[in-house]
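[1] A predicted structure for the sequence below; I have some questions about it.
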Amino acid sequence: MRIYLVGGAVRDKLLGRPLVDRDYVVVGARPQDMFALGYKPVGKDFPVFLHPKTGEEYALARTERKTGHGYHGFDFQADTTVTLEQDLARRDLTINAIAEDEHGVRVDPYHGIDDIEQRVLRHVSPAFAEDPVRLLRVARFAARFAPLGFTVADETMTLMREMVAAGEIDHLVAERVWTETRKALSEPQPSAFLRVLRETGALVVLFPEIDALYGVPQRAEFHPEIGTGVHIEMVLDMAAQIAPRDDLVGFCALTHDLGKALTPTDQLPRHVGHEHQGVAPLRQLCARLKVPTEHAALAELVCREHLNMHRAFELKPATVLKLLTSLDALRRPERLDTFLAACEADKRGRLGHADDDYPQAAYLRAARDMAAAVTAAAFVAQGLHGPAIGAAMEKARIKAIGELKPGKS
């Protein structure tokens, strides 16, 4: 029995990145051998075990054979005859198909180390095309490693286009699409995720609401980048800077301008009312991908209210309070932080505006604090009851917010 560190841990060691998870492959062992050593089984489809002390995953070396469509259409063979090279051959990218033994000696049959040095994302074998999730994974790895200079190999891009044309990604279940998308939105350069999907033809299949934004013009005085799709990419990357690893902010950034794809051509490049037009396609996207409730709710608020946020200094105090109330910000200030991060990313995600200040965020936080400081106790002490207390609190909160407006003391 031989044990090897494999996959992302070896790759990240070579890149000088911190190791988050360690996965191991065990060659020449049977399940009963693992049981005898105290390992606990966790795999349903194939033998995976947890180390009795560290809890890290150890999988028996295995091969796989395509038997149907989609992620689950595989048969697995895991026995003592399966070699390390055979196990590595079933992996998606060469940079993930490197192993390391207990002495630090690396096994690299598919030249993943060369591809790390050359900053290339390349598939290991034609078997890559058998699993449509791998297309999403490549796009996600592009979002992670684009800042390091990684690009997708031409032959891998060609293979992924063929997968899309063959309809293989039509068999992806919503949960897997959302899982990979959520991870991509947590990466340093999420725009690369969109670009890879679009270049392969997968974006229009999986995210038609996003794909429809490409080629839609905007007013140059507000959006020097012109294209709405380009703007979305810039907003995504800005969100990743403002709120690193926050997929909730990322999803709000991704979907805030969906309404611009619905603007009649005779009105372009203006987009009057796009913040309201975008709600329907956003709900459609969320329902199709089974997006979590909080992601869907906050994305809709950002979609509907981001223009109000940008002109916050022009809003009446009562409108500011209404905005805060819609966010439930008085009870849940973290929702306000998400909203503000997405709106700031929208404002700064424009050509030439990356370093702009966004004082509206500080103003709305101050307004929230002033409003939250108004409590029922003082009005109860005055002898008010029932709805009268709520009305008095609302009036006091509007007054307090009004004192923050420019030109007032």
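    Right, received. Where do you want to start?

[2] how much space between residue 191 and residue 355?
    Distance from residue 191 to residue 355, counting by Cβ to Cβ, to the nearest Å: 18 Å. Quick note: C-beta positions are derived from backbone N, CA and C, even for glycine.

[3] between the two, which one's more packed in?
    Neighbours were counted for residue 191 and for residue 355 using other Cβ atoms under 10 Å; residue 191 has more, 23 against 6.

[4] list the contacts for the more buried one?
    143, 146, 233-234, 236-237 (Cβ atoms under 8 Å, 6 or more residues apart in numbering).

[5] I'd say residue 343 and residue 302 touch.
    Yes. Assessed by Cβ atoms under 8 Å, residue 343 is found in contact with residue 302 at 6.6 Å.

[6] circling back: switch the contacts of residue 191 over to a markdown table; also include neighbour count.
    A markdown table is the format used below for the contacts of residue 191 (neighbours: other Cβ atoms under 10 Å):
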| residue | neighbour count |
| --- | --- |
| 143 | 27 |
| 146 | 23 |
| 233 | 24 |
| 234 | 23 |
| 236 | 26 |
| 237 | 24 |
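
[7] what's around the nearest residue in space to residue 22 that is not next to it in sequence, how many residues?
    Residue nearest to residue 22 in three dimensions, not counting chain neighbours: residue 9, with 4.6 Å by Cβ to Cβ, 6 or more residues apart in numbering. Residue 9 has 19 neighbouring residues, counting by other Cβ under 10 Å.

[8] now swap in residue 307 and tell me
    16.

[9] And the helix or strand encompassing it, what's buried?
    According to DSSP states H and E, residue 307 maps onto helix 293-310. Neighbour counts over helix 293-310 (16 or more other Cβ atoms under 10 Å) mark 295-296, 298-309 as buried.

[10] May I have it exported as CSV, CA atoms only?
    Provided in CSV are the C-alpha atoms of helix 293-310 (Å, rounded to 0.1, in the frame of the first residue of the first chain):
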residue,chain,number,x,y,z
THR,A,293,-33.2,32.6,-0.5
GLU,A,294,-30.9,35.2,0.9
HIS,A,295,-28.8,35.5,-2.3
ALA,A,296,-32.0,35.9,-4.3
ALA,A,297,-33.5,38.5,-1.9
LEU,A,298,-30.5,40.7,-1.6
ALA,A,299,-29.7,40.5,-5.3
GLU,A,300,-33.3,41.7,-6.0
LEU,A,301,-32.8,44.6,-3.6
VAL,A,302,-29.5,45.6,-5.3
CYS,A,303,-31.2,45.3,-8.7
ARG,A,304,-34.1,47.5,-7.7
GLU,A,305,-32.4,50.0,-5.5
HIS,A,306,-28.8,50.5,-6.8
LEU,A,307,-29.7,53.7,-8.6
ASN,A,308,-31.3,55.1,-5.5
MET,A,309,-28.2,54.3,-3.6
HIS,A,310,-26.0,56.1,-6.1
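
[11] Having no further points to raise, I will conclude here.
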